[in-house]
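K.L.:
When you get a sec, could you give me coordinates for this:
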Amino acid sequence: MNDAATQFHEAISIYHRAKSETGYRAMIFLDMVLTRGGLPPAKYLIDTSKPSEGYTHLYERGRLDLTVEALIVDNPRWHTLFTKEELEKAR
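P.N.:
Residues are numbered from 1 along each chain as shown. Below you'll find the predicted structure:
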């Protein structure tokens, strides 16, 4: 894993923020990150044709700022890890 990808894995602390700030426990997301690292699940979630259950839960709580998509789009530091198409989908 390159340095940016390693750091991206560490940035997935949004799970803990979502849990503490909204009470939402994204167990499937956490399992994906712990077993596959941060980057593959992020790419998977961006590429799905239907919003994830976690995205929907955070939307209902008015906290899209805690989604993987927001983490990626809001921080140019991660942009090099994703294709133009992935960044556009995340937006």
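K.L.:
Kindly state the pLDDT recorded for the residue nearest the centre of the chain?
P.N.:
Residue closest to the average C-alpha location in the chain (CA atoms, centre = their mean): residue 68, at 1.9 Å. With respect to pLDDT, residue 68 scores 93.
K.L.:
do residue 2 as well
P.N.:
Turning to residue 2, the model gives it a pLDDT of 69.
K.L.:
what do you get for residue 83?
P.N.:
On the pLDDT scale, residue 83 gets 97.
K.L.:
What lies in contact with stretch 70-80?
P.N.:
Residues outside stretch 70-80 that contact it (CB atoms under 8 Å, 6 or more residues apart in numbering): 4, 7-8, 11-12, 14, 42, 46, 64-65, 81-82, 86-87, 90-91. For every residue, glycine as well, the C-beta is placed using N, CA and C.
K.L.:
Name the residues of it that come out as buried.
P.N.:
Judged by neighbour count using 16 or more other CB atoms under 10 Å, the buried positions of stretch 70-80 are 70, 71, 72, 73, 78.
K.L.:
from the residues you listed, which ones fall inside helices?
P.N.:
70, 71, 72, 73 (DSSP state H).
K.L.:
shaky segments in the protein?
P.N.:
Applying pLDDT under 70 to the chain flags residues 1-2.
K.L.:
circling back to that earlier point, quick one: the nearest residue to the residue nearest to the centre of the chain once chain neighbours are set aside and residue 84, what's the gap?
P.N.:
Once flanking residues are discounted, residue 68 sits nearest to residue 42: 4.8 Å by CB to CB, 6 or more residues apart in numbering. Note on residue 42: its distance to residue 84, by CB to CB, to the nearest Å, is 16 Å.
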